[in-house]
Every structure is written in structure tokens, then in C-alpha cells.
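[1] From the sequence below, what's the structure:
(one chain, ligands or ions: 1)
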Amino acid sequence: MSAETTDKIHDVVIVGSGPAGYTAGIYTGRANLNPVILASSVKAGGELMNTTDVENFPGFPEGIMGPDLMANLEQQAERFGAQIEFEDVVEAELEGEVKTLTTGSGDVYKARAVIISTGSAYRELGLPREKELSGYGVSWCATCDGFFFKDQDIAVIGGGDSAMEEALFLTKFARSVTLVHRRNEFRASRVMVDRATANEKIRFELDAEVAEILGENKVEGLVLRSTVDGSTRELNVTGMFVAIGADPRTDLVKGVLDLTPEGTIATQGRSSKTNVSGVFAAGDVVDPTYRQAITSAGSGCVAAIDVEHFLADQS
Ligand code: NAP
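    Here you go, the predicted structure:
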């Protein structure tokens with residue numbers, strides 16, 4: 001039997017379970033709004049589930065593991081009465097006074113207010129066999145797959161904090177890690193670049209991009225192309241970790257909610273209000289710039305307070 005069988009209209013349903021979604025759950029729970037969090041069936045907890053040490057989330061002087069932080073946030077939301085369902089929303093009818101969200105298992109949730117906090121999805125390089133070789137040498141998650149590359153030579157692609165973090169983590173397993181970046185300046189923070197530079201297992205291929213993945217059924221090397229003169233050369237690696245950022249997940253709301261030129265959901269001023277009354281957005285899905293766990297959590301708090309005010313004005 002379906003978990004949601006009645007025609008009950010909830011005060012608020014939150015879509016997504018990263019720091020924004022769970023924080024919105026904590027705040028709306030404490031405001032007695034009995035939130036439902038639709039937390040995704042496979043990606044509950046969001047991107048932090050793929051992270052190791054989170055050193056910069058305030059309140060944890062020794063740092064905390066990403067999955068532990070998310071487990072804490074989940075428990076904290078539950079403590080204030082949030083109903084968490086590990087379901088994927090496949091359809092959203094957001095216009096009108098009562099919003100309707102349908103999940104992959106066919107459950108239908110109705111609500112007077114909705115918070116969209118669907119986060120972002122890993123970017124792909126767009127190479128012909130990149131997807132096909134996922135799990136056969138190509139990966140987007142060092143914490144998930146690093147162990148399989150013990151004593152091997154591998155590459156990490158990207159020049160941001162994620163690439164530095166992945167490269168540093170992979171040195172625990174790999175013989176060598178080559179960081180391939182398309183420019184000779186990094187987007188990553190100084191502290192992360194310094195750590196990577198100081199690690200003797202990490203080498204750098206700058207002004208270079210991946211032109212081709214070599215190998216039939218698994219990665220056996222990469223062809224790198226210089227972004228300066230177009231010359232190519234082979235890099236002898238058995239693994240490639242792609243860490244080139246992420247794009248906001250807006251598929252559910254495209255055509256209904258206004259988007260910004262960067263592809264994030266457009267919100268009004270400093271609020272979480274979208275162009276549709278009763279629909280709010282928070283976290284990475286609205287943020288093309290900062291994209292930190294703490295800014296995402298803060299944005300979830302803003303959305304919860306906006307929902308409180310919205311519902312109070314309605315009654
Ligand atoms: P990011 O900062 O957007 O960096 C993406 C990197 O990938 C850039 O260096 C970019 O190159 C490169 N890139 C993008 N598309 C590419 C393509 N098609 N081919 C080759 N290279 C490509 O993304 P991020 O590293 O995932 O970080 C996202 C946010 O999370 C940032 O705010 C970051 O500070 C934060 N973060 C923080 C930590 C931490 O503090 N420990 C860890 C992870 C992430 P260009 O530089 O040339 O554009």
C-alpha cells in the first residue's frame with residue numbers, strides 16, 4: 001500500500017535532502033508545520049555523502065565526515081517531527097493553491113507550500129565513452145571508488161576545490177595522481193592548492209584537456225591535448241576521476257519556475273521566493289556562486305522562514 005493514501009494537504013513539502021533540505025526541515029518542524037521531506041531514493045543526503053572530512057562547517061572544530069554531518073541533520077529534522085520519505089519526485093504541479101508532487105513509486109503528496117532544494121549534479125566532460133566506462137576506470141567519486149585504484153596511476157580532471165580534494169584523497173590509495181587542468185591558474189582556494197602542491201604523489205598537467213579515453217573495456221590511458229598549442233600526448237593511467245563542478249538540478253521545474261542565465265532557479269532578492277506563489281527554492285539549486293554546505297544550510301533556513309510567513313499570511 002502506498003505511504004500516502006489520503007487526500008491530506010500538508011503545510012509544506014521539501015524536495016531534496018542536502019544541507020538546505022534538512023535545515024528547512026529542522027526550521028519548519030520547529031515551527032510546527034509538520035514538514036514532509038522527499039529525500040530521494042538513491043541520493044539521500046546529497047553531495048556531502050560523497051565527501052570525506054568537512055573542515056569548514058562551523059561548530060565542528062575537528063571537522064566532521066560528510067555522511068556523519070548529513071546523518072546528524074536528518075536526525076535533527078526528525079526530532080522536530082519531519083516525515084522523511086526516501087522517494088524521488090518525478091512530477092510536480094506547482095501552480096495553484098494546492099501543489100501536487102508525485103513520486104517514482106506513485107505516491108502523491110499535496111501541500112500548500114513547497115521548497116525545492118534539489119541540489120546539483122556532477123558535470124561530465126562530454127567525451128564519447130566517458131559514461132560507458134563509468135565503473136571501469138571512470139569515476140565521479142573518489143570516496144566511493146578510490147579503494148579500487150590501490151597502487152595505480154590515476155588522473156583527476158579539474159582545477160577547483162573538488163579536484164584538489166579528490167586528488168588529495170586518492171593519494172591514500174594510488175601510486176601517483178596526475179591533476180589535469182585546462183588552465184595554468186586554479187579556481188581552487190589557496191589552502192587546497194598548497195596542500196596538493198606539497199603532496200609528492202600529486203603531479204600537474206596544466207593547460208591540458210582530455211581529448212580521448214584509451215582502452216576497450218576499461219581505462220588504459222588518456223590522450224591529453226594542450227589548450228595552448230593543440231599538441232597531444234598520452235598519459236599512462238588506469239583511472240580518471242572527473243571533478244569539474246556540478247550543474248543545478250532543475251529538470252523537475254523547468255518551464256514552470258523562472259531560471260537565471262546560469263541555470264539556477266531565480267529567486268526574489270534575498271528571499272527564497274520563486275515566480276510561483278507558494279513555491280520556494282534553496283541550496284545549490286539557487287546558488288551559482290558560493291555552493292558551500294553552510295551557505296546551503298543558511299539558504300534552507302531562509303526558505304523555511306519564508307514558508308512560515310507565507311502560510312501565516314494565507315490563514
Ligand atoms: P568549480 O569551483 O566550479 O571548479 C570546476 C573546475 O573544473 C574549474 O577549474 C574548471 O576550469 C574545470 N572545468 C569545468 N568544466 C570543465 C570542462 N568541461 N573540462 C575541463 N575542466 C572543466 O567546482 P568544484 O571544484 O566542484 O567546487 C564547487 C564549489 O564547492 C566551490 O565553491 C568550492 O569552493 C566548493 N568546494 C569546497 C571544498 C572545500 O572547501 N574543501 C571542496 C569541494 C568543493 P576553469 O577554472 O578553467 O573554469
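
[2] May I have the phi/psi pair for V253?
    phi -120, psi 0 (degrees, to the nearest 10).

[3] Would you agree it is in contact with I265?
    Yes: the pair V253 / I265 is scored as a contact, 6.6 Å apart, by C-beta atoms under 8 Å. Just so you know, the C-beta spots here come from the backbone N, C-alpha and C atoms, and that holds for glycine as well.

[4] Between those two, which is the more surrounded one?
    More neighbours surround I265 than the other of V253 and I265, with 27 against 22 (other C-beta atoms under 10 Å).

[5] residue ranges with poor pLDDT in the stretch 1-150 of the chain?
    The model of the stretch 1-150 of the chain has pLDDT under 70 over residues 1-6.

[6] what stretches of the stretch 201-315 of the chain score poorly on pLDDT?
    For the stretch 201-315 of the chain, no range has pLDDT under 70.

[7] So which bits of the stretch 101-250 of the chain are right by the ligand?
    123, 125, 157-163, 165, 182-183, 187, 209, 244-246 (C-beta under 6 Å from any ligand atom).

[8] residues touching the residue of the chain found nearest the ligand, list them.
    In the chain, the residue that lies nearest the ligand is G160 (2.3 Å; C-beta to the nearest ligand atom). Counting by C-beta atoms under 8 Å, 6 or more residues apart in numbering, G160 makes contact with 186-188, 243-245.

[9] Which among these count as buried?
    186, 188, 243-245 (16 or more other C-beta atoms under 10 Å).

[10] Can you show me the helices along the protein?
    19-30, 66-79, 142-145, 161-170, 190-198, 293-314 (DSSP state H).

[11] okay, the ones you listed, which one's buried deepest?
    helix 19-30 (a mean of 29; mean count of other C-beta atoms under 10 Å).

[12] sorry, back to before: how about the helices of the chain in TSV, adding distance to S176?
    Shown next, in TSV, are those (distance: least, C-beta to C-beta, whole Å):
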stretch	distance to S176
helix 19-30	34
helix 66-79	26
helix 142-145	15
helix 161-170	10
helix 190-198	13
helix 293-314	30
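
[13] for those helices, which one sits closest to V219?
    In terms of C-beta to C-beta, the element of these nearest to V219 is helix 142-145, at 11.8 Å.

[14] And the residue of the chain closest to the ligand, how far from E91?
    34 Å (C-beta to C-beta, to the nearest Å).

[15] try A167
    Distance from A167 to E91, by C-beta to C-beta: 40 Å.

[16] Over to I64?
    Taken as C-beta to C-beta, the span from I64 to E91 is 35 Å.

[17] F80 too?
    From F80 to E91 the distance is 28 Å (C-beta to C-beta).

[18] higher neighbour count, these two?
    Neighbours per residue (other C-beta under 10 Å) separate F80 from E91, with F80 holding more: 17 against 11.

[19] mind listing what the more buried one touches?
    Contacts of F80 by C-beta under 8 Å, 6+ apart are 25-26, 29-30.

[20] okay if I get those residues as JSON lines plus distance to V228?
    Formatted as JSON lines, those follow (distance: C-beta to C-beta, whole Å):
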{"residue": "G25", "distance to V228": "49"}
{"residue": "I26", "distance to V228": "49"}
{"residue": "G29", "distance to V228": "54"}
{"residue": "R30", "distance to V228": "55"}
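
[21] Check those residues one by one and keep those near the ligand.
    Of the contacts of F80, not one also sits near the ligand (C-beta under 6 Å from any ligand atom).

[22] and which of those residues is nearest to T260?
    Nearest member of the contacts of F80 to T260, counting by C-beta to C-beta, is G25, at 25.3 Å.

[23] Spit out the contact partners of the residue nearest to that closest one when sequence neighbours are not counted.
    Counting by C-beta to C-beta, 6 or more residues apart in numbering, A77 is the residue found nearest to G25 once chain neighbours are left out, at 3.4 Å. A77 makes contacts with 22, 25-26, 29, 35, 37, 84, as judged by C-beta under 8 Å, 6+ apart.

[24] any idea how far A77 lies from F60?
    18 Å.

[25] For stretch 45-60, measure first residue to last.
    18 Å (C-alpha to C-alpha, to the nearest Å).

[26] same question but for stretch 255-274, I mixed them up
    End-to-end for stretch 255-274, by C-alpha to C-alpha: 13 Å.

[27] Sweet, I'm off.
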